[in-house]
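Engineer: no FASTA, just this:
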């Protein structure tokens, strides 16, 4: 995730209504860039939501690039 302005921002994944604790990036300092890798099991028909939350106001994603992206890779059947 790339922000236009550094902020105290946290990110986490909501997996079908539950926050996955290993997906949470807790804000400790203002920053404009986040990256996180997580390997977990997703049951069939899972709903995945990338949630961004701020402790210091609005979050503005950077322009001209992917402001935020989420990739899901299937590793096996």
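Structural biologist: Alright, I've got the coordinates. Source: prediction; values computed, not measured.

Engineer: Excluding residues flanking it in the chain, which one is nearest residue 13?
Structural biologist: Of all residues not flanking residue 13 in the chain, residue 23 sits nearest, at 3.8 Å (CB to CB, 6 or more residues apart in numbering). Quick note: C-beta positions are derived from backbone N, CA and C, even for glycine.

Engineer: what number of residues lie near the one you found?
Structural biologist: 18 (other CB atoms under 10 Å).

Engineer: any chance you could read off phi and psi for it?
Structural biologist: Main-chain torsions, residue 23, degrees, to the nearest 10: phi -90, psi -10.

Engineer: can you list contacts of the host helix or strand of residue 50?
Structural biologist: In the assignment (DSSP states H and E), residue 50 maps to strand 48-54. Residues outside strand 48-54 that contact it (CB atoms under 8 Å, 6 or more residues apart in numbering) are 1, 7-16, 19, 27, 42, 59, 68, 70, 72.

Engineer: how distant is stretch 35-44 from the center of its chain?
Structural biologist: 12 Å (CA atoms, centre = their mean, to the nearest Å).

Engineer: Look up how far residue 41 lies from residue 60.
Structural biologist: 34 Å (CB to CB, to the nearest Å).

Engineer: swap in residue 23?
Structural biologist: Residue 23 is 13 Å from residue 41, by CB to CB.

Engineer: now do residue 59
Structural biologist: 29 Å.

Engineer: Settle it for me: which of the two has more neighbours?
Structural biologist: For residue 59 versus residue 41, neighbours defined as other CB under 10 Å are more numerous around residue 59 (18 against 7).

Engineer: Could you double-check that residue 55 sits in contact with residue 26?
Structural biologist: No. In this structure residue 55 lies outside contact range of residue 26 using CB atoms under 8 Å: 10.0 Å.

Engineer: joint contacts of those two?
Structural biologist: residue 10.

Engineer: if I pick residue 59, what's in contact with it?
Structural biologist: 3, 7, 9, 52.

Engineer: now it, what's its secondary structure?
Structural biologist: When classified by DSSP: H, G, I helix; E, B strand; the rest coil, residue 59 comes out as coil.

Engineer: Now it: phi and psi?
Structural biologist: Here residue 59 shows phi and psi, under degrees, to the nearest 10, equal to phi -110, psi 120.
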